[in-house]
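> Please work out how this folds:
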Amino acid sequence: MQAILPFTISLCLAVGGLAKDPHPCKSPPLLEGKLALAIIKNKTFGIEKFAYNAFDERVHVRVRLDVDNKTIYSDTLVLYREGVAFEIFRHNQTCTKVHFKDHWKPIEIPRDAKFLSQMIIGSFSEPGDGLLVNNWSGKVEEPPLKYLITFTEFGCLPVYGWYDMPGQDVLGVSFFDIVIGVEDPNIFIPPSFCDKAELDIDRATSTFHDVLTRSL
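You can find the predicted model right below:
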């Protein structure tokens with residue numbers, strides 16, 4: 001999906017600019033935080049903790065999904081440049097290593113996205129009561145995708161995303177507790193017990209959507 005992360009993120013799209021003169025911008029190259037997601041078709045809801053590194057093109061996500069009255073956990077590190085993803089099982093210190101085919105997508109707003117509006121979440125009646133955000137929409141031709149995204153006016157930080165993949169899924173994402181920078185840089189390095197993992201030639205992951213839903 002062009003210009004989409006994991007945001008997430010791969011599914012993430014960052015946006016900024018003034019309402020009178022909107023312009024694309026990029027989020028900071030190092031971020032970590034959390035997001036709540038809803039995968040409509042599968043009636044799946046979850047919480048994800050993510051770390052984003054644009055310098056080395058790596059993303060680490062830990063996901064808890066609630067689906068069909070059961071809870072599913074996953075811990076995944078994606079190395080875009082290397083073209084691999086590690087599914088990490090810390091309870092028994094094992095890893096699964098698979099091909100990851102998607103290309104790197106920085107957190108940024110596509111140049112052809114349409115600016116919709118600027119609004120205040122909360123209130124500006126008192127200092128600190130509101131958050132100034134911008135709304136954008138657009139579509140991607142291949143694979144087909146429509147999106148609606150909301151990001152902060154200052155800082156280019158994600159607030160909300162709605163992604164419609166015709167014939168597949170509708171994904172809603174709300175971001176919170178975002179911190180600029182990463183507390184532990186080792187989060188982007190596979191644990192030492194993953195050194196023994198051999199590449200599974202029979203499996204491959206194509207997009208971050210696959211990362212989120214392959215356990216379903």
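> could you pull out the helices for this protein?
When assigned using DSSP state H, the helices of the chain occupy the ranges 208-213.
> Tell me the pLDDT of the residue nearest to P144 when sequence neighbours are not counted.
Counting by CB to CB, 6 or more residues apart in numbering, P144 lies nearest to P166, which is 5.4 Å off, once chain neighbours are set aside. The C-beta positions use only the backbone N, C-alpha and C, and glycine is treated the same way. You'll see P166 listed with a pLDDT of 78.
> Burial check on P166, number of neighbours?
The burial metric for P166, expressed as a neighbour count using other CB atoms under 10 Å, is 10.
> Equivalent analysis for the one 4 residues further on, please.
Burial measure for V170: 14 neighbouring residues, criterion other CB under 10 Å.
> pretty sure the residue nearest to P144 contacts P143?
No - using CB atoms under 8 Å, P166 makes no contact with P143, being 9.2 Å away.
> all strands of this structure, in order?
Listed from the start of the chain, the chain has strands (DSSP state E) covering 30-39, 44-53, 58-67, 70-79, 84-89, 94-100, 114-122, 130-140, 145-152, 158-165, 169-180, 199-205.
> Pairing partners for the fourth one, with directions?
Sheet pairing of strand 70-79 (DSSP bridges) gives strand 58-67 (antiparallel), strand 84-89 (antiparallel).
> distance between that strand and the chain's centre?
Strand 70-79 sits 13 Å away from the centroid of its parent chain (CA atoms, centre = their mean, to the nearest Å).
> again with the longest one
From the chain centre to the centre of strand 169-180 is a distance of 7 Å (CA atoms, centre = their mean).
> which strands and helices sit next to it?
Packing partners of strand 169-180 (3 or more CB pairs under 8 Å, 6 or more residues apart in numbering; DSSP states H and E): strand 30-39, strand 158-165, helix 208-213.
> returning to what we had before: would you reformat the strands paired with strand 70-79 as JSON lines and include mean pLDDT?
Shown next, in JSON lines, are the strands paired with strand 70-79 (pLDDT from 0 to 100):
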{"stretch": "strand 58-67", "mean pLDDT": "89"}
{"stretch": "strand 84-89", "mean pLDDT": "91"}
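> Excluding covalently adjacent residues, which one is nearest to P158?
When the adjacent residues along the chain are set aside, P158 lies closest to F175, with 4.5 Å between them (CB to CB, 6+ apart).
> Any idea what that neighbour is bridged to?
As for beta bridges, F175 partners with L35 under DSSP bridges.
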